[in-house]
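>>> turn this into a structure:
(chains A and B)
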Amino acid sequence: MGRRRAAAADASDRALGGASTLFVAFLVVTMRASAQTAGGGSPTPLNDGDIEILGRRNDGLRVQSVMTRITAFDQYGHGYQSQAGPVLGPGSERATILEPQLQVVATQGDRLTHVITVPIDVVTAASPNSISPKSVDVLSGASRHVVSGTLDWGTTYRTDSASDLSMMSGLHLEEPFRSWHGGLGGSHSFAGGDTVVSANVIEVFDWFDRFDIMGNRHGRAERSSTTASIGVTQIVTPTLLVGANYGLTLQQGELGNTWNSVPLTNLERGPEILPDGRVRHAFVARAAQFLPWNGALRLYYRFYVDDWGVVANSLEGQLLQRLSPLVYVSALYRFHEQSGVDFFTTRGSPDLQWRTADSDLAMLRSQTVGGKIAVDAPIEGEVRVLHFEVGYEYYVRDNGLSMNIVTCATGYHF
Amino acid sequence: MSVRAIALAAATAALAACATVPQNRRAHFADPMMGLRDEPLDAASRQKLYDTREGAAGGDGTTAGGGCGCQ
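Okay, the predicted model is just below:
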């Protein structure tokens, strides 16, 4: 068993390394091709006066910023889907997650902007680890934690002063799970940039090992998620910016993790059974208002509805205050409420067509409070601005889950 | 009557949005505090938190599902 786990982890590492190599090769080829395209477009030559003011044209890759962030999540809670507890009672949802992230933004000539993002999750979770250690576990074995990584790459091409097109792609790897995603988008500004309309389509394809609730593996499962969205951003006054967005997501395939369990009326546990399709609608409104005492108020509202019976409302307010030209602080409050899915149960009949005891799909209310301090220090030399940020948030749900979140970020703007 | 009032308010708001704010009066929007969205890594981290703890993900210009076998 240990050898098999080690081999799986080794294969996962090799797959991650191979994918990274392929990605870098693809990036280099694409950059060369686009450089040739840009060169073939006969850009207007700059005269000596322009060069003196603007500098010499540079079609090469130029790094604009590098941002790093590390976030720690410390979660406590119980849910009926977890087997880390009494047979018919809620089990532990204790989890710790360490998430380092890296983002590099680079421009290539006047029109291309590349954004590469690499988040990595190191997860230790009680719920999957509780599944019989005699069987194949659903998370990495020996150290009871799993490392997962994502590689996201997005490129934006500015077609003219008012429009741009973008594409994004990426992959996600963790031991029992693989995921690929790609998308296209575009935006156009009107009225001198006062109004910006944008739209995008994103496709996610996941494939992963299918386990039963005892941890035994039964082949592979897959799911597809397609999201289309359209949005508009509007400058209303010199101090007020608003935005709205509508998104539609269609999902097909295995929509559970396959090893969640449900306490049954026959005093045993059975598998979660979910429909194989889901249609989700979300409407989002945002506003940012500058305040006369050198502060800002951000508001966010989201309405969500889907065909599993969930109706949700989320409201968030963020108050920001600049303390000096370099430093600002912010305080955040978020409230979320949702109805549960129609087939949520904590003691289901064995004959039910659909059933879940997943606490995430129950009727719940959650609140988040937090704050952060950010510093943008201009410095001499190659790096123009050094960004530093540290923050804390507390997340709590009324159905028995809470989390402490600490985040720290450092950024370099060149 | 109420329909007329709502229509009038909507038309007024729409017309107000047509008034262009000159470039030299947009200085406040350059302040990072005035962004409609959080810094991208912060936003991604928070979105993932809510996507995997609340069964109401998706829309919002981003995708739903994926990762951790969650809905």
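>>> stretch B:41-52 - what's its average pLDDT?
Taken as a whole, stretch B:41-52 carries a mean pLDDT of 88.
>>> just the buried residues of it, please?
By 16 or more other Cβ atoms under 10 Å in any protein chain shown, the buried positions in stretch B:41-52 come out as B:41, B:42, B:44, B:45, B:46, B:48, B:49, B:50, B:51, B:52. (Each C-beta comes from the backbone N, C-alpha and C, glycine too.)
>>> and residue A:89, that's in a helix?
No. Residue state for residue A:89 (DSSP: H, G, I helix; E, B strand; the rest coil) corresponds to coil; a helix is not indicated.
>>> residue of the stretch 201-350 of chain A nearest chain B, please.
Relative to chain B, the nearest point of the stretch 201-350 of chain A is residue A:282 (2.1 Å; Cβ to the nearest Cβ).
>>> next, count neighbours for that residue.
Neighbourhood size, residue A:282 [other Cβ atoms under 10 Å in any protein chain shown]: 26.
>>> my read: it touches residue A:311, true?
No. In this structure, residue A:282 is not within contact of residue A:311 by Cβ atoms under 8 Å, at 11.3 Å.
>>> hey, what's in contact with both of the two?
Common contact partners of residue A:282 and residue A:311 (Cβ atoms under 8 Å, 6 or more residues apart in numbering or on different chains): residue A:304.
>>> go ahead and flag the most central residue of chain A.
The residue lying closest to the centre of chain A (Cα atoms, centre = their mean) is residue A:119, at 9.0 Å.
>>> now name the helix or strand holding it.
strand A:112-125 (DSSP states H and E).
>>> for that strand, list the C-alpha coordinates in PDB.
C-alpha atoms of strand A:112-125 as PDB (Å, rounded to 0.1, in the frame of the first residue of the first chain):
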ATOM      1  CA  LEU A 112      -0.100  41.800 -25.200                       C
ATOM      2  CA  THR A 113      -0.300  41.200 -21.500                       C
ATOM      3  CA  HIS A 114       0.400  37.800 -19.900                       C
ATOM      4  CA  VAL A 115      -0.700  36.800 -16.400                       C
ATOM      5  CA  ILE A 116       0.600  33.600 -14.900                       C
ATOM      6  CA  THR A 117      -0.800  32.400 -11.600                       C
ATOM      7  CA  VAL A 118       0.300  29.500  -9.500                       C
ATOM      8  CA  PRO A 119      -1.700  28.600  -6.400                       C
ATOM      9  CA  ILE A 120      -0.700  25.600  -4.400                       C
ATOM     10  CA  ASP A 121      -2.700  24.000  -1.600                       C
ATOM     11  CA  VAL A 122      -1.400  21.900   1.200                       C
ATOM     12  CA  VAL A 123      -4.400  20.300   2.800                       C
ATOM     13  CA  THR A 124      -4.800  18.200   5.900                       C
ATOM     14  CA  ALA A 125      -8.400  17.200   6.400                       C
END
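>>> so which bits of it are buried?
Buried positions in strand A:112-125, judged by neighbour count with 16+ other Cβ under 10 Å: A:112-121, A:123-125.
>>> cool, and stretch A:197-214?
A:198-200, A:202-206, A:208-211, A:213.
>>> state the distance from the nearest residue to residue A:358 once chain neighbours are set aside to residue A:194.
Spatial nearest neighbour of residue A:358, chain neighbours left out: residue A:81 (4.5 Å); criterion: Cβ to Cβ, 6 or more residues apart in numbering or on different chains. Using Cβ to Cβ, to the nearest Å, residue A:81 is found at 48 Å from residue A:194.
>>> can you pull out the strands in the stretch 201-350 of chain A?
For the stretch 201-350 of chain A, the strands defined by DSSP state E, counting those that start in this stretch occupy A:217-237, A:240-253, A:261-263, A:269-271, A:277-291, A:295-306, A:311-322, A:327-338.
>>> elements contacting the third one?
Taking 3 or more Cβ pairs under 8 Å, 6 or more residues apart in numbering or on different chains; DSSP states H and E as the contact definition, the neighbouring helices and strands of strand A:261-263 are strand A:269-271.
>>> same deal with the last one?
Using 3+ Cβ pairs under 8 Å, 6+ apart, the elements in contact with strand A:327-338 are strand A:311-322, strand A:364-378.
>>> so the residue nearest to the centre of chain A is in contact with residue B:44, correct?
Yes. Using Cβ under 8 Å, residue A:119 and residue B:44 qualify as a contacting pair, with a distance of 6.6 Å.
>>> what do these two both touch?
Common contacts of residue A:119 and residue B:44 (Cβ under 8 Å, 6+ apart): residue A:101.
>>> give the pairing partners of the strand holding residue A:119; include direction for each.
With DSSP bridges as the test, strand A:112-125 is paired with strand A:95-108 (antiparallel), strand A:146-160 (antiparallel).
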